[in-house]
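J.: no letters, just coordinates:
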């Protein structure tokens, strides 16, 4: 049987937000059978009083959002100066004392409002009475009084069921929150369930990380294979291009050799041409000399002296004119 907290008395002393009827009196209210209604304009401290009830009971902690969280802790530290910053004197001398019933067990707990530190806690019941100022021991006794498996479960159930504050989860519509509460309420002895859940989430996370790493390795290998294949193809193309280049170089050398031979042949041909021209000139000169001698022989009885022989022979027209002149 889960024992939810039933608040029997609240007492706040030295807190400037609740001065009371006289200076420093504060508030001290016995919460008999309700319902109780707190009325007041904005800023008077209605929500602050509910928060004092809650955090005096559980201390400066808050529960994470419902749902699997793997190895993440269910509890997070709350700003322990939550109430100190709301008053001018930082709640230096302010205390809050609650009396709560958990079934047959009654608890009276006092905390400083300046830092929510536990001052004292007393648990009394049919066969128990204990006092403590140690936070861990208080949490253990609170768990036993509520008959739940873990302090985290106690905090979550107080968050969802006991208090209706602004940050409260919508329990009716939140399946994860329902699972958290039913697990804590129906199987409080299964204290290892959360640990198993955390191990499952951790293993799943490790598997996903491993899968991601394997995928990266496979992709890297594929890229390396593509590079290797591309490198092989490139090397093949390079070898082919090198062979073609060497063939082109050999062909270029042959062409250069042919050009050199052609240059030599052209030079030889020019020399032969010059020689042929010189020979032709010599033959033409001999011809002119022979023709001149023939004319000279033909007109041997003429009184005119033959023209002097010039090294450069007369052309045929000049020779004809000369012969005509001599004949005349």
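T.: Structure's in. What do you need? What you are looking at is a predicted structure, and each value in this text was computed from that prediction instead of being measured.

J.: ok, now which ones touch residue 111?
T.: Applying CB atoms under 8 Å, 6 or more residues apart in numbering to residue 111 gives the contacts 55-56, 59, 95-96, 117-119. All C-beta atoms are positioned from the backbone trio N, CA, C, and that covers glycine.

J.: can you read off the pLDDT for the closest residue to residue 80 other than its chain neighbours?
T.: Spatially, and ignoring its direct neighbours in sequence, residue 80 is nearest to residue 60 (4.2 Å; CB to CB, 6 or more residues apart in numbering). At residue 60, the pLDDT value in this model is 92.

J.: check contacts around residue 60.
T.: Going by CB under 8 Å, 6+ apart, residue 60 touches 77-80, 82, 115-116.

J.: CSV please, covering those residues and showing neighbour count and distance to residue 184.
T.: Listed next are the contacts of residue 60 as CSV, based on neighbours: other CB atoms under 10 Å; distance: CB to CB, whole Å:
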residue, neighbour count, distance to residue 184
77, 10, 21
78, 14, 20
79, 12, 26
80, 18, 25
82, 17, 25
115, 15, 29
116, 24, 24
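
J.: closest to residue 155 among those?
T.: Relative to residue 155, the closest of these is residue 78; by CB to CB it sits at 10.6 Å.

J.: pretty sure that closest one sits against residue 54.
T.: No: Residue 78 is beyond contact range of residue 54, at 10.2 Å (criterion: CB atoms under 8 Å).

J.: where does pLDDT dip in this protein?
T.: Counting by pLDDT under 70, the chain has low-confidence residues at 23-24, 66-73, 164-173, 187-195, 198, 302-328.

J.: rerun at 50
T.: 309-311, 320-328 (pLDDT under 50).

J.: that one: strands as residue ranges?
T.: 6-13, 27-30, 61-63, 75-77, 95-102, 105-112, 118-124, 129-132 (DSSP state E).

J.: save those strands as JSON lines, and put in distance to residue 258 too.
T.: Converted to JSON lines, those look like this (distance: least, CB to CB, whole Å):
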{"stretch": "strand 6-13", "distance to residue 258": "116"}
{"stretch": "strand 27-30", "distance to residue 258": "119"}
{"stretch": "strand 61-63", "distance to residue 258": "96"}
{"stretch": "strand 75-77", "distance to residue 258": "92"}
{"stretch": "strand 95-102", "distance to residue 258": "113"}
{"stretch": "strand 105-112", "distance to residue 258": "110"}
{"stretch": "strand 118-124", "distance to residue 258": "109"}
{"stretch": "strand 129-132", "distance to residue 258": "112"}
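
J.: for residue 265, find the nearest of the ones you listed.
T.: strand 75-77 (101.4 Å).

J.: tell me the strands beside the closest one, with direction?
T.: Counting by DSSP bridges, the strands paired with strand 75-77 are strand 61-63 (antiparallel).

J.: which residues sit against the partner strand?
T.: By CB under 8 Å, 6+ apart, the residues outside strand 61-63 that reach it are 74-78, 152, 155-156, 159.

J.: of the residues you listed, select the buried ones using a PyMOL command.
T.: To isolate the buried members of these in PyMOL, using 16 or more other CB atoms under 10 Å:
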select buried, resi 74+75+152+155+156+159
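
J.: what is the nearest of the contacts of strand 61-63 to residue 213?
T.: For the contacts of strand 61-63, with residue 213 as the reference and CB to CB as the criterion, the closest is residue 74, at 29.1 Å.

J.: that closest one and residue 54, how far apart?
T.: According to CB to CB, to the nearest Å, residue 74 stands 17 Å off from residue 54.

J.: please enumerate the helices of the protein.
T.: Under the criterion DSSP state H, the chain contains helices at 46-58, 135-146, 151-157, 175-186, 193-298, 316-327.

J.: as a markdown table, those helices with distance to residue 111 would be great.
T.: Shown next, in a markdown table, are those (distance: least, CB to CB, whole Å):
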| stretch | distance to residue 111 |
| --- | --- |
| helix 46-58 | 5 |
| helix 135-146 | 10 |
| helix 151-157 | 15 |
| helix 175-186 | 24 |
| helix 193-298 | 27 |
| helix 316-327 | 149 |
